[in-house]
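Asks: Need the 3D shape of this:
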Amino acid sequence: MTSWMAMEGTNRLSVAAKYASRANAGDVVARLRNQEGEPADWHCTDGATVSVRPLGAGVSSSYMFENLIEKADALIDYAERIPSLYLDDMEDRPFEDIKSVVMEGSFVTGRVLCDSSGKINANSLILEGSKSSYGHSVKLNLSRLKQFSVFPGQVIVAKGANANGQNLVLEELLERIHCVPDPCVLDINGVVVGATGVDILLHMGKEELSLYVAPTYLTCRFRDVNGCVCINPEHMVKGLVGGSFARVIVRPVDKGSYSGSIVNDTTAEVVKI
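Replies: Numbering: from 1, shown residues only. Next up, the predicted model:
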C-alpha cells in the first residue's frame, strides 16, 4: 500500500479527505456572457465534428536541396545585415573597400575565410568583402590585435588600414553582437533566461483561432484578444483539493454579420469541480 493509494474491500480508491469535504462543488467562479437574458443550456452532444489541422505551411522544396543562387543570396544578406547593427558606433562613416588603399582608422567589414584546406591560423586568414567591397578578397593581418578569436565564415566589423591594397592590417575588432535564434534559452552567468520576440496571442490572425484554452495556476479568467476568446480554466486538481473546469457554448454565427470574432456569440463559465 502506497502513501497516496488505499485499497478498500470493494476494490475502490479512497478519496482524499480535503477533496471529499469540499463545499463549493459546482460553484461558478468566472463567467463570460455577452448576451444577457439567454439562459445557458449546458449539455453534452455527440454531433460535433473534430479534426486536427496541420501546423504551418507545406514545404515547397526538398530540405538541403537549395540551389546555389539561394545559398549565395542568404550569405550576402547576412553579411550586410550584421554590419548595419554597428552604424551607431561608426558615427555615420561608410565602410571602405578592403581591396583599395585606406588609411588607419577606416571601417571595414567582411567574412573571415581560410586560404588553405588545413587548419585556420593567423597566417592563413583572408577577408572576403561584402557589397561595400564588391566581393573582393584580401589578406588579413591580425598582428596588431592584443587578442582575437575568429572562425571561418564569421562576419566581422573592424578598424584597419591597407597600405598597398593587398594586406589589410586590423587595429581593432568591434565588440561582437550576440545573434540568437527566436525563441531561445540563454545562460548568462548561471542565470537561465528564456526569450522570444513573438507575442503569440497578439500575432494570431482572426482566421487562425476563434477559441484558445490555456490552463495555468493563475486565477481563472476570460480575455478577448484580437477577436479570439482566451480562457484560463486553471487546473482540475490542486494538490489534495478539487480545481475547476471550463464549459463553453458557441452559438451559430450568421455569416452575413460575421466580423471575424465569435466573442459576442460565446457563453463560458469556469466551474468548481
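
Asks: Please name every helix or strand in contact with the longest helix anywhere in the chain.
Replies: Criterion DSSP state H: the longest helix present in the chain is helix 68-84. Judged by 3 or more Cβ pairs under 8 Å, 6 or more residues apart in numbering; DSSP states H and E, the packing partners of helix 68-84 are strand 102-114, strand 155-162. From N, CA and C alone the C-beta is placed, and that goes for glycine too.

Asks: Now do that helix and strand 102-114, the angle between them.
Replies: Orientation check (axes from the mean of the first three to the mean of the last three Cα atoms, to 10 degrees): helix 68-84 against strand 102-114 gives 140 degrees.

Asks: from the chain's centre, how far out does helix 68-84 sit?
Replies: Its chain's C-alpha centre and that of helix 68-84 lie 22 Å apart, by Cα atoms, centre = their mean, to the nearest Å.

Asks: ok, so what distance separates residue 62 from residue 69?
Replies: Noted for residue 62: a distance of 16 Å to residue 69, by Cβ to Cβ, to the nearest Å.

Asks: Oh, that last question was meant for residue 99, not what I typed.
Replies: Per Cβ to Cβ, residue 99 is found 24 Å from residue 69.

Asks: which one of the two has more residues nearby?
Replies: Higher neighbour count among residue 99 and residue 69: residue 99, with 18 against 8, using other Cβ atoms under 10 Å.

Asks: Ramachandran coordinates for the closest residue to that one other than its chain neighbours?
Replies: What sits nearest to residue 99 in space, not counting adjacent residues and going by Cβ to Cβ, 6 or more residues apart in numbering, is residue 136, at 3.7 Å. Residue 136 adopts backbone torsions of phi -70, psi 160, taken as degrees, to the nearest 10.

Asks: Now do the SS call for residue 171.
Replies: strand (DSSP: H, G, I helix; E, B strand; the rest coil).

Asks: do the same with residue 219
Replies: Criterion first, three-state DSSP; result for residue 219: coil.

Asks: how about the strands in the stretch 151-273 of the chain?
Replies: 155-162, 167-173, 184-188, 191-195, 211-213, 221-225, 228-232, 237-238, 241-242, 244-250, 266-272 (DSSP state E, counting those that start in this stretch).

Asks: Put together JSON lines for those, with mean neighbour count, distance to residue 32 and mean pLDDT on each row.
Replies: Formatted as JSON lines, the strands of the stretch 151-273 of the chain follow (neighbours: other Cβ atoms under 10 Å; distance: least, Cβ to Cβ, whole Å; pLDDT from 0 to 100):
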{"stretch": "strand 155-162", "mean neighbour count": "21", "distance to residue 32": "51", "mean pLDDT": "88"}
{"stretch": "strand 167-173", "mean neighbour count": "17", "distance to residue 32": "57", "mean pLDDT": "89"}
{"stretch": "strand 184-188", "mean neighbour count": "10", "distance to residue 32": "35", "mean pLDDT": "80"}
{"stretch": "strand 191-195", "mean neighbour count": "9", "distance to residue 32": "30", "mean pLDDT": "79"}
{"stretch": "strand 211-213", "mean neighbour count": "14", "distance to residue 32": "11", "mean pLDDT": "85"}
{"stretch": "strand 221-225", "mean neighbour count": "15", "distance to residue 32": "4", "mean pLDDT": "83"}
{"stretch": "strand 228-232", "mean neighbour count": "20", "distance to residue 32": "7", "mean pLDDT": "87"}
{"stretch": "strand 237-238", "mean neighbour count": "13", "distance to residue 32": "22", "mean pLDDT": "80"}
{"stretch": "strand 241-242", "mean neighbour count": "16", "distance to residue 32": "22", "mean pLDDT": "82"}
{"stretch": "strand 244-250", "mean neighbour count": "17", "distance to residue 32": "8", "mean pLDDT": "87"}
{"stretch": "strand 266-272", "mean neighbour count": "21", "distance to residue 32": "4", "mean pLDDT": "87"}
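
Asks: Many thanks, I have nothing further to ask.
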